[in-house]
Structure formats: C-alpha cells, structure tokens
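1. could you look at this predicted model? Sequence included:
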Amino acid sequence: MIYRFIEKEIIKALEPGIVVGLFGARRTGKTVLMNKIKNKIGKKILFIQGEDLNSAEILGSQRLDQLRRFVDGYDYLFIDEAQKIPRVGVSLKLIVDNIPGLSVFVTGSSAFGLRGEIGEPLVGRSRYFHLYPIAELEWSRTEDFLKAKENLEPRLIYGSYPQVALADSFESKKDALESIKDGYLLKDILERDNIKDSIFVLNLLRQIAFQIGHDISYSELATNAKAHAKTVMRYLELLEKSFVIFSLPGFSKNLRSEYNRTPRYYFWDNGIRNAIISNYNALNLRDDAGVLWENYCISERIKAADYKKIYSNKYFWRTYDQKEIDYIEERGGKLFGYEFKYGFGSAKPPKLFLQTYPGSEYAVINRDNYRDFLTGA
C-alpha cells in the first residue's frame, strides 16, 4: 500500500458537522485513499458512488425527510466523485445543519464546481485537501537516499501516478500513462464543455509541454491552435482547475525591467508531460533533461509545501534583459531564489536581484541536494 501523507490529517478532520473534501486529478488514488480511511475508521459508514443514479437522486433532492432516512444509523457519509450529484452542496448543508453526529467526506476529480458548491453554503464548516500524484515527500517515507536516486530517472520520465508507479516494467508504465492520457486526463473538461474532439486541448498541452520554464505568448498559442487568444486563456484555466497543469506568475516589485506579463506553466506530473509529447526516451537520449528536472523540482516542492502547510508566494523572476531565476518563494517577509541544474554545474545568483532585494537567499538544486528541498525540509 502506497503511503499518502494526508491520510492522518483527513481522519483527524472527520468530525461531526464538518464536510471534508478531497480533490485531485483522476487516477491519483482518491478512491483508494477513501477506502483505506473507511477500513481504518471501522464505524458505520455509508459509502456512495456519485455516479450511482439512485443515490444521486436522493442526495440531490434537497428533501430533508429523504436525507434523514438515507443516512439513518450511520456515523459517516462518504461520497466518491461527489461532483456527479446535482446541487450536492445544498443537500450537504441540510445534512450538516439538521443531522447531528454525522461526519461527511467527499471526493472530486474536478475543481470546476464542487469546491465552490460545497464552500458557499458551508462557510466555516468545510475542510479541503488536495491529492497529487505520489510526491517525493511520500516516497521518502519508504525509500532511503540510494533507492531514491535509483528511481529518480524513471520518475523524471514516467512520473508518479499510482497506476504508473506500481507497474512492473517501463513498457507497462508507458501503457498506463497512455491509458490515463486517452481515457481520463481531459474527461472533466470534455464533459463540461460537451466537446466531442480533444485534439484542440491536446495540441494546446503539447505547446505548453515544449515551453516549460519559458515565457508564453497567448497570441502565439492561439495562432498555432487556430483559435482566439481568449479561448486559449480559458482552456488553460480549465486545465489548471482539472489539475493537469499549474502556473507561476512573474515576480515584480522594485524594478521596471522585471517581467510579469504572462505566467509560466508546468505539469503536475512529468509522466503526463512526456505522454503528451510521446517521448519516453532515456535522459541520455534527449535534449530536455533540464526541462524535466525543473518541472519535477518545482512541482514536487509545491506538493510538499501544500502537504506540510508551508505557506509562501511562488514566482519565477526575469528581467527584460534575460537575467532570471527559475523559482522564487516569498515567505516570512524574505525571498528565496532557486536554480535547478540536472548536472552538477554551479550558477551564480544575478547580482541585480541580490542588490534589489537585500537579505534574499539563493541556492542551486541538483541531484546531490534535491531531496531535502523536494520534501520541504
């Protein structure tokens, strides 16, 4: 069984009168984690699949008499894929307000509406958790440093979706990634917009995959996708809400030369990025090892920070004359800059940055020192 960092926190949060929500991309293991928690609690739990029409009809009814009968005799209500149930947030409010002693736990693969639907009627009575593909932080609980280094290249190439990580050969990992890409990756977006053809979204993702760590141009993306820039911006937002990609804004405070017009985009999972461009070659056969390293380091750092509740603002930094730092964290009133080198070369911090922001710190993250950084130490 794969160790998941937030399991104990979720169990602790499951109190009467509180709705706990677990969100994340499809196939990241939300249902497995929910079942594991169900087995550990060992009390009377009503476990519902959001796609079950009979249960969905009752839970979406907003009729208190039906809801009382439905949950009568249970200590917990678990709803998997709750976004499938119409008006589920209002019904959960009715349950929390009128049925004391019941704890509620829901999962959702999409942030399009479920979190807002739950959050609005249940302000102050809901807690949210995000489940990512398996994080380096989680691997570190079961691997020593040597084992982690052995597994580093496969993770840079194939990523850490549970189905992929548990596959027993590179070919099986590739097959699992192709299955996720073709069957699950864009399902929420396609269902939301009733799109019959995913080619447009996949083409947009391919463009993003080749521009990791670089500034993007909405107009250029739109031209290549044969679409309007506003359409591209909208779908990039949807891809973020479906937990496929995330963005970093440019840091700009004191200098007119600092660039902050457009964000930079990264993938939550390296394997998905490589599946999008159909490249599973070993690192010594490809020219984007540095890109994979940067994507992996930034995504894993953000996962660890989220899990461990290390709060910070996150940016990249660049000036118009091409001075830059890959990743910036602003925490405790201080700036921390990081450069990512897959090799072991050194990199000096831009003097302009240190002069402009005195007291800032700077570090190069390579294969010798990456583990503490990626686990939030």
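-> Right, received. Where do you want to start?
2. so what secondary structure elements neighbour whichever strand or helix holds Gln163?
-> Per DSSP states H and E, Gln163 falls inside helix 162-165. With contacts taken as 3 or more C-beta pairs under 8 Å, 6 or more residues apart in numbering; DSSP states H and E, helix 162-165 sits against helix 170-183. (Each C-beta comes from the backbone N, C-alpha and C, glycine too.)
3. pull the CA atoms of the helix it packs on into CSV?
-> Provided in CSV are the C-alpha atoms of helix 170-183 (Å, rounded to 0.1, in the frame of the first residue of the first chain):
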residue,chain,number,x,y,z
PHE,A,170,8.9,0.5,-18.3
GLU,A,171,6.6,-0.8,-21.1
SER,A,172,3.8,-1.2,-18.6
LYS,A,173,4.4,2.3,-17.2
LYS,A,174,4.1,3.7,-20.7
ASP,A,175,0.9,1.8,-21.3
ALA,A,176,-0.5,3.1,-18.1
LEU,A,177,0.3,6.7,-19.0
GLU,A,178,-1.2,6.3,-22.4
SER,A,179,-4.4,5.0,-20.8
ILE,A,180,-4.5,7.9,-18.4
LYS,A,181,-3.9,10.4,-21.2
ASP,A,182,-6.5,8.9,-23.6
GLY,A,183,-9.1,7.9,-21.1
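4. buried residues, the helix or strand following that helix. List them.
-> The first helix or strand that comes after helix 170-183 along the chain, using DSSP H and E, is helix 187-193. By neighbour count on 16 or more other C-beta atoms under 10 Å, the buried set for helix 187-193 is Asp188, Ile189.
5. average pLDDT across helix 187-193?
-> Helix 187-193 comes out with an average pLDDT of 73.
6. and for the helix holding Gln163, what are the contacting residues?
-> 2, 27-29, 32, 133-134, 158, 173, 176-177, 179-180, 271 (C-beta atoms under 8 Å, 6 or more residues apart in numbering).
7. helices of the stretch 201-350 of the chain, residue ranges please.
-> 218-225, 229-241, 270-276, 289-307 (DSSP state H, counting those that start in this stretch).
8. tell me which of these lies nearest to Ile365.
-> With C-beta to C-beta as the measure, helix 289-307 is the member of the helices of the stretch 201-350 of the chain nearest Ile365 (5.6 Å).
9. same for that closest one, what does it pack against?
-> For helix 289-307, the packing partners by 3+ C-beta pairs under 8 Å, 6+ apart are helix 136-139, helix 145-158, strand 245-248, strand 264-267, helix 270-276, strand 324-331, strand 334-340, helix 370-374.
10. now the second one: average pLDDT?
-> Going back to what we said before, that points to helix 145-158. For helix 145-158, mean pLDDT is 95.
11. buried residues, that helix. List them.
-> So, applying 16+ other C-beta under 10 Å, buried residues of helix 145-158: Ala148, Leu152, Pro154, Arg155, Leu156, Ile157, Tyr158.
12. for Tyr259, state which of those residues is nearest.
-> Leu156 (27.7 Å).
13. name the nearest residue to that closest one, sequence neighbours excluded.
-> Nearest non-adjacent residue to Leu156, counting by C-beta to C-beta, 6 or more residues apart in numbering: Leu292, 4.6 Å away.
14. then Lys38?
-> That would be Ile45: by C-beta to C-beta, 6+ apart, it lies 5.3 Å from Lys38.
15. where's the closest residue to Glu324 other than its chain neighbours relative to Tyr327, distance?
-> Excluding the flanking residues, the one nearest Glu324 by C-beta to C-beta, 6+ apart is Arg318, at 3.9 Å. Arg318 sits 12 Å away from Tyr327, going by C-beta to C-beta, to the nearest Å.
16. overlap of the contact sets of those two?
-> Counting by C-beta under 8 Å, 6+ apart, Arg318 and Tyr327 have no shared contacts at all.
17. what about the stretch 101-250 of the chain, any weak spots by pLDDT?
-> 110-124, 192-197 (pLDDT under 70).
18. can you rerun that using 80?
-> 109-125, 187-198 (pLDDT under 80).
19. Lys308 - how many residues pack around it?
-> For Lys308, the count of nearby residues is 13 (other C-beta atoms under 10 Å).
20. for Lys8, same thing?
-> Quick note: Lys8 (other C-beta under 10 Å) scores 11 neighbours.
21. helix or strand for it, which one?
-> Using DSSP H and E, Lys8 falls in helix 7-13.
22. who wins for proximity to Glu143 among the helices of the stretch 201-350 of the chain?
-> helix 289-307 (13.8 Å).
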